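# sharing a sequence plus its predicted fold:
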Amino acid sequence: MNDVQHITTVAATPETVYGLLADATTWPVHFHPTVHVERFEEDGPDERLRIWAVAGDQVKSWTSHRHRDPEGLRIAFRQEVYQPPVAAMSGAWVLRGLPDGGTEVVLEHSYRAVDDDPHGLAWIAEVTDRNSRAELANLKALAEQPADRSELVLTFEDTVVVDGRTSDVYDFLYRAQSWPDRLPHVARMDLTEDEPGVQIMEMDTITADGAMHTTKSVRVCFTDERIVYKQIVVPPLMTAHTGEWRVTAVRGGVSVTSQHTVAIRPEAVPGVLGEGATVADAREFARTALSGNSRITLEHAKAYAEGTTTAGSQV
């Protein structure tokens, strides 16, 4: 096994830092490399997670077991299902209170490559170093935010009901490479899916005032059920943007929901929205812009699915 440590100090109490680490389902909003986390088993301090994260220029997923120890201020983890070149990976978050009231955070990793291949080891070392530095920087920035940091994160959603089939609605949302021909606000789409169900998409979107902006996202697709995503290139106003397209059979048709979670970058607000603009203004701006595009997409998905089931042809 190869052992490595990454260390930082945080101007916040160990309990505050531990709280940010304990709920892994919030990591996509907190940590840049993490795309999505599914908790599928929990028994007291122990849990099992499926994690998708950006690793270099790829998206990797694995299953991990975590043991949380709030009294010892330690969270140990061990990967149970790996993706090559990783053959084994384990480690721990270890927190220690400092005399000034702050916290020393140690992120430990122990890993091994498949067949101890030197190229695999070099790749794991580089990705582990890059992602560990990013996660510690994200953790430090988040923990050191003012007490009202909850105002910086907002979650909202829009829903339509479709008189159609879940498979048709899902097909419209999944085949995003067709969006430039189907959605008026999408000018360009580059989409790759090297691993089934994991998409990387770069999209040019036309805003309400006619301007164009580019976003890049990773999407994890659960067939006929939902598509979760995270923008890995975000606008200056945000530190994170995650979302979900959710398709559910209901009485009378299909409920289709678009959900967004956005983290506002407060120092960017005046530069983007003008002097005197507040975080509340940024929240409303983000909600209006993202909801507007989501509603357009939802209405076109509805037309597509209803056209398919009623007329026997796709719109």
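Looks like it arrived, so ask away. Residues are numbered from 1 along each chain as shown.

# in the stretch 151-300 of the chain, which spans are strands?
Assigned by DSSP state E, counting those that start in this stretch, the stretch 151-300 of the chain shows strands spanning 153-162, 186-195, 198-206, 212-222, 226-233, 238-250, 253-264.

# now do the fifth one against strand 253-264, angle only.
Using axes from the mean of the first three to the mean of the last three C-alpha atoms, to 10 degrees, the inter-axis angle of strand 226-233 relative to strand 253-264 is 20 degrees.

# against which helices or strands is strand 226-233 packed?
Here strand 226-233 touches strand 34-43, helix 166-174, strand 212-222, strand 238-250, going by 3 or more C-beta pairs under 8 Å, 6 or more residues apart in numbering; DSSP states H and E. (Each C-beta comes from the backbone N, C-alpha and C, glycine too.)

# which of those sits most buried?
helix 166-174 (a mean of 21; mean count of other C-beta atoms under 10 Å).

# what about it, average pLDDT?
If you average the pLDDT over helix 166-174, you get 96.

# next: stretch 280-295.
94.

# swap in stretch 208-221?
89.

# starting at the chain centroid, how far to it?
On the basis of C-alpha atoms, centre = their mean, to the nearest Å, stretch 208-221 sits 15 Å off its chain's mean C-alpha point.

# hmm, who's touching it?
Stretch 208-221 is touched from outside by 35-36, 52, 54, 59, 174, 176, 187, 197-207, 227-235, 289, 292, with contacts defined as C-beta atoms under 8 Å, 6 or more residues apart in numbering.

# which of the residues you listed count as buried?
35-36, 52, 54, 59, 174, 176, 198-201, 203, 205-206, 227-232, 234-235, 289 (16 or more other C-beta atoms under 10 Å).

# pull the contacting residues for D129.
So D129 contacts 4, 6 (C-beta under 8 Å, 6+ apart).

# quick check, it in a helix?
Yes: membership of D129 in a helix is supported by DSSP: H, G, I helix; E, B strand; the rest coil.

# per-residue confidence at it?
Here, the pLDDT recorded for D129 equals 96.

# do D148 as well
On pLDDT, D148 comes in at 67.

# which stretch among the helices and strands packed on strand 226-233 comes nearest I296?
helix 166-174 (12.4 Å; C-beta to C-beta).

# tell me what the closest one is packed against?
Helix 166-174 packs on strand 226-233, strand 238-250, strand 253-264, helix 279-311, going by 3+ C-beta pairs under 8 Å, 6+ apart.

# any idea which of these scores lowest on pLDDT?
Looking at those, the weakest mean confidence is helix 279-311, a mean of 88.

# show me what contacts the closest residue to A301 other than its chain neighbours?
Distances taken as C-beta to C-beta, 6 or more residues apart in numbering place F172 nearest to A301, at 4.3 Å, with adjacent residues excluded. With contact set as C-beta under 8 Å, 6+ apart, F172 has these partners: 182, 300-301, 304-305.

# same thing with A55?
Contacts of A55 (C-beta under 8 Å, 6+ apart): 33, 127, 131.

# between the residues you listed, which has the most around it?
P33 (23 neighbours; other C-beta atoms under 10 Å).

# correct me if wrong: that one contacts W52.
No: using C-beta atoms under 8 Å as the test, P33 is too far from W52 to be in contact (9.9 Å).

# circling back to that earlier point, look up how far W179 lies from the residue nearest to A301.
9 Å (C-beta to C-beta, to the nearest Å).

# now the helices for the stretch 1-150 of the chain?
Secondary structure of the stretch 1-150 of the chain (DSSP state H, counting those that start in this stretch): helices located at 14-22, 27-30, 118-143.

# among the ones you listed, which is nearest P99?
helix 14-22 (12.5 Å).

# using PDB, write out every CA atom in the closest one.
What follows is helix 14-22, C-alpha atoms only, in PDB (Å, rounded to 0.1, in the frame of the first residue of the first chain):
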ATOM      1  CA  PRO A  14     -13.800  20.600  15.000                       C
ATOM      2  CA  GLU A  15     -17.500  20.100  15.500                       C
ATOM      3  CA  THR A  16     -18.300  22.500  12.700                       C
ATOM      4  CA  VAL A  17     -15.800  20.800  10.400                       C
ATOM      5  CA  TYR A  18     -17.000  17.300  11.300                       C
ATOM      6  CA  GLY A  19     -20.600  18.300  10.600                       C
ATOM      7  CA  LEU A  20     -19.700  19.300   7.000                       C
ATOM      8  CA  LEU A  21     -18.000  15.900   6.500                       C
ATOM      9  CA  ALA A  22     -20.600  13.700   8.100                       C
END
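
# buried set for it?
For helix 14-22, a neighbour-count test (16+ other C-beta under 10 Å) marks 14, 16-18, 20-21 as buried.
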